[in-house]
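**Q** Predicted model and sequence below, questions to follow.
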Amino acid sequence: MILDRRQSSWAVGTSAGAAVSLAIYIVYVLLSPNGARGGSAAGLFFAALGTGAIVFECLLSLRKKYPASPLGRVKTWLSAHVWLGLLSFLLILEHAGFRWGRGLAGALMWTFAVILVSGIFGVAMQNYIPKRMTELVPKETIYEQIPTVVRGLRMEADERAEFVTADLGFQEEDVEFIRAGGIKQYFDPAQKKGAAEKLQVFIDKRKASPQIEIDESARLAVRAHYLQEIRPFLTDSPAPASNRLLGSRELVAAYFNHLRTIMPVAVHDVLRDLEEITEERRQLLVQRRFHLWLHTWLLVHVPLSFAFLVLTAVHAVLSLRY
Amino acid sequence: MAKDENKPLEYQRRLRDTKGVAQRLDLSYLKRPALMALLRNRLIWVLLGGATLACVPLMLGIGGSRRSVENGALSEAHAIFEKRCEVCHTQAFGGVPDQACSQCHDGAAHPAKLVDTGHAATQIRCRQCHMEHRGKVPLAALTSANCTGCHADIAAHSTGAKVKNVTAFRPGRHPEYASMMLPDARPLRLDHAKHMPTEPKTIRGLKLPVECIDCHVTDKSSPTNQLLPVTFDANCKKCHTRELEFDIYEVLGKSVPAPHTKDHKTIRPIIEEAYRNKLTEDPAIWRRPLKNDIDGQPNATVWFEKVVRESEQFLFGRKCGYCHETGGDGVVKNVNRIAGRYVESRPEGALWLERGEFSHRAHRAVECESCHTLARKSTKTQDVLIPAMKSCFQCHGESGTTLDECAMCHLYHNRSLEKEGDRRLRQLIVPGARL
């Protein structure tokens, strides 16, 4: 949920609700000889309002499971989830007389606080990270596709390097999957077979001998740089040493500028392609990091919310019982 | 053909077009659950299960788990029931009933003082005022709002109450102490001003002014250090022994004080014995004229009767009247040994503060005269020297502490009406104990 002017009505509504509830609370405290108590009529009123809001908060998960439901837009539900969540915490504090409590009540307050803080953190992340992602990760992809894309980048880099070094000895297992973006169809099996054979001839020739003529020492240098520094960075989980070498846009640019300085001009195109691939890989690492920031809080927020709901029900029953 | 085979492959720059990017993606990823979502769902079930399992002992009250439902520790007085919720929580979903409290606190009624006869118009529940589970806070330490809820408009909340409305202990919001308006017709001629003159002087060997505590001694055995009654023997005798001397003709030759009692029958034998002893000692004394007489008495019997009669008249007619008020018949009026207010019809006397409690001990750091401001100027016993309410406002009323609360000076329950003989308390504390 992006906090912009479209949220102003929610903000105003929540503030008004908070102000009204605080006004009621102040009157209630002034009229109560012994101060606020959760078990008083007003305390139970705040508890009922707060619990109602909390139950509604938890219904967001259900609403998301049925996106075509006619019960309002998910976006509206999300706004209500965020703003009512803030209001519900105030209502529960008013229910508790702004005391933290102990035992089950204290555990509930701590849980609620963690849920609230994680939610606020999530909203903050949702407002900050997408903007930063647009700036820092222009080559972002679908998060779940990162391993597939990295594998493709690795294979592509191997191919580019083999133009200079010939066969590098890597044999990536070709994984069959349903590709997006369409695929060239061959209705004639012979034609399909012919295309495959043609491609295989091309690969064999590339692997058999270097296709770009340079000094042997330069060729060995390219091979060494590729195998020891570039390709480790293209693995699924680059080692810290690779991250230190190629961990930022400036480091990647500097590294390949240096390579182009010391290598013959004939391999500069290959190096430029390897630089693009490395840069894309680096961006995917940044994307992964951002993704974790953007979604890890949900591992705290959502499960705790459901546990909180169960404990709230028990708290309500036992408190009313006694 | 062979020439083409030897020709190196042409290197083409990488082209990152939309189609190429799209073709890298595996469309089947939508069918596979995302790792985060999978982890989240599993965590939901784990925590749901954990919370439910944790609630089972709570709901069943297994072990000490029910204590975790408590909102706070019990007060010190009830700490013994910390693990026995059922002693007070005798019914479900209804709060603690009054009957649970009256198991131990039976009969304590409001108003606390018998001088008040009003009663609350509606039944006040114990838990309305006494909030448990607030830690080590005395249950009787209530805020004034508990009292002013009714006493701000006492007529609307009670039947038969004669007290005035109170909204706080502040000027104009609390009536002046009734003691200020009560008379103190104690039949004595006590002059505080003479005992505490402005200029120091010595009378009969006693250096004046005396200090308050020279006469008004606190009772160390009393928890509130109430004042002991001022008595002749304890406080006056040292200087006022001469007021007990009956030897009107000064024939005894030495100071012989009568005992400090108003009983003729007790004093007369002592006077007679003193003169009889003198006669034995000096058999011719009756021949000598008494004071301004020209001649002596005709015989010893006449002399004896005269000195005894006139000594008795002198003692009861003039000497006692130095301090005591006497009636027209010369009989000393009853004073009684009381520290409080004098009431002729009540030998035990009466409290100055009929509705409030006062602790001299709590005020021991304060100079007596900072409250009893009129003591040094008082010349009559009838002067009421109980401090006016304004002297309390120096510390009470607007301090913002518990010093301002009603409960600081007033009791709510008349504890004397509690049925202390009830042994059910023992059974509550020791389950299974015989009544």
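**A** The structure has been received and is ready for your questions.
**Q** Could you grab the helix/strand/coil label for B:Ala168?
**A** Classification of B:Ala168 by DSSP: H, G, I helix; E, B strand; the rest coil places it in coil.
**Q** low-scoring stretches of the chain, by residue?
**A** Using chain A. Applying pLDDT under 70 to chain A picks out residues A:172-176, A:178, A:180-184.
**Q** oops, I was thinking of chain B
**A** Filtered on pLDDT under 70, chain B yields the residue ranges B:1-5, B:328-330, B:419-426, B:431-435.
**Q** make it 50
**A** For chain B, the stretches with pLDDT under 50 are B:1, B:435.
**Q** Report the closest residue of it relative to chain A.
**A** Taking Cβ to the nearest Cβ as the measure, chain B has B:Ala22 as its residue closest to chain A, at 2.7 Å. Placement of C-beta: from N, CA and C, glycine included.
**Q** Am I right that that residue sits in a helix?
**A** Yes. Under three-state DSSP, B:Ala22 falls within a helix.
**Q** tally of neighbours for it?
**A** Using other Cβ atoms under 10 Å in any protein chain shown, B:Ala22 has 13 neighbouring residues.
**Q** can you tell me the helix or strand for A:Glu94?
**A** Using DSSP states H and E, the element containing A:Glu94 is helix A:74-95.
**Q** who touches that helix?
**A** For helix A:74-95, the external contacting residues (Cβ atoms under 8 Å, 6 or more residues apart in numbering or on different chains) are A:1, A:7, A:10-11, A:13-14, A:17-18, A:21-22, A:25, A:36, A:38, A:43-44, A:46-47, A:49-50, A:53-54, A:56-57, A:59-60, A:63-64, A:67, A:71, A:109, A:112-113, A:116, A:119, A:123.
**Q** in stretch A:65-76, what's buried?
**A** Neighbour counts over stretch A:65-76 (16 or more other Cβ atoms under 10 Å in any protein chain shown) mark no residue as buried.
**Q** what's the answer for stretch B:29-39, then?
**A** Buried residues in stretch B:29-39, counting neighbours by 16+ other Cβ under 10 Å, are found at B:Tyr29, B:Met36, B:Leu39.
**Q** Now go through those residues and say which are in strands.
**A** Counting by DSSP state E, no part of the buried residues of stretch B:29-39 is found in strands.
**Q** Grab the most central residue of chain B for me.
**A** Among the residues of chain B, B:Glu357 comes closest to the average C-alpha position under Cα atoms, centre = their mean, at 4.1 Å.
**Q** I figured that residue hits B:Leu411, correct?
**A** Yes. The criterion here is Cβ atoms under 8 Å, and B:Glu357 meets it with B:Leu411 at 6.3 Å.
**Q** hmm, back to that, buried ones among the contacts of helix A:74-95?
**A** Buried among the contacts of helix A:74-95 (16+ other Cβ under 10 Å): A:1, A:10, A:14, A:17-18, A:21, A:25, A:36, A:38, A:43-44, A:46-47, A:49-50, A:53-54, A:56-57, A:60, A:63, A:109, A:112, A:116, A:119, A:123.
**Q** picking up where we left off before, can you tell me the closest non-neighbouring residue to the residue nearest to the centre of chain B?
**A** Distances taken as Cβ to Cβ, 6 or more residues apart in numbering or on different chains put B:Cys409 closest to B:Glu357, at 5.7 Å, once the chain neighbours are dropped.
**Q** ok, that neighbour - contacts?
**A** By Cβ under 8 Å, 6+ apart, the contact list for B:Cys409 reads B:Phe169, B:Gly356, B:Glu357, B:Phe358, B:His396.
**Q** For those, which single residue is the most surrounded?
**A** Taking other Cβ under 10 Å to define a neighbour, the member of the contacts of B:Cys409 with the most is B:Phe169, carrying 22 neighbours.
**Q** what about the nearest residue to that residue once chain neighbours are set aside, helix or strand, and which?
**A** Excluding the flanking residues, the one nearest B:Phe169 by Cβ to Cβ, 6+ apart is B:Gly397, at 4.6 Å. Counting by DSSP H and E, no helix or strand carries B:Gly397.
**Q** what about B:Gly397, neighbour count?
**A** 18.
**Q** same check, this time on A:Glu213
**A** Neighbours of A:Glu213 under the rule other Cβ under 10 Å: 11.
**Q** Helix, strand, or coil at it?
**A** Look at A:Glu213: counting by three-state DSSP, its state is coil.
**Q** buried residues in stretch A:263-275?
**A** Buried, per 16+ other Cβ under 10 Å, within stretch A:263-275: A:Met263, A:Pro264, A:Val267, A:Asp269, A:Val270, A:Leu271, A:Asp273, A:Leu274, A:Glu275.
**Q** from these, which is closest to A:Ser248?
**A** Using Cβ to Cβ, A:Glu275 is the member of the buried residues of stretch A:263-275 that lies nearest A:Ser248, at 13.4 Å.
**Q** okay, now the closest residue to the closest one other than its chain neighbours: neighbour count?
**A** Nearest non-adjacent residue to A:Glu275, counting by Cβ to Cβ, 6+ apart: A:Phe256, 4.0 Å away. Residues within reach of A:Phe256, counting by other Cβ under 10 Å, total 22.
**Q** what's near enough to touch A:Arg206?
**A** Applying Cβ under 8 Å, 6+ apart, we find A:Arg206 in contact with A:Glu159, A:Glu162, A:Phe163, A:Ala166, B:Leu9.
**Q** ChimeraX command for the buried members of those residues?
**A** Restricted to buried positions by 16+ other Cβ under 10 Å, the ChimeraX selection for the contacts of A:Arg206 reads:
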select /A:159,162,163,166
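**Q** Now distance to B:Ala109 and secondary structure too, for the contacts of A:Arg206, in CSV please.
**A** Putting the contacts of A:Arg206 into CSV (distance: Cβ to Cβ, whole Å; DSSP: H, G, I helix; E, B strand; the rest coil) gives the following:
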residue, distance to B:Ala109, secondary structure
A:Glu159, 99, helix
A:Glu162, 102, helix
A:Phe163, 104, helix
A:Ala166, 107, coil
B:Leu9, 109, coil
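**Q** from the contacts of A:Arg206, which is closest to B:Val87?
**A** Closest approach to B:Val87 among the contacts of A:Arg206 (Cβ to Cβ): A:Glu159, at 82.8 Å.
**Q** Report the contact partners of the closest one.
**A** Contacts of A:Glu159 (Cβ under 8 Å, 6+ apart): A:Arg206.
**Q** From B:Leu385, how far off is it?
**A** Computed as Cβ to Cβ, to the nearest Å, the A:Glu159 to B:Leu385 distance reads 112 Å.
**Q** Check A:Pro303 too.
**A** With distances taken as Cβ to Cβ, A:Pro303 is found 74 Å from B:Leu385.
**Q** between the two, who's got more neighbours?
**A** Neighbour comparison, A:Pro303 and B:Leu385: the larger count goes to A:Pro303, with 23 against 16 (by other Cβ under 10 Å).
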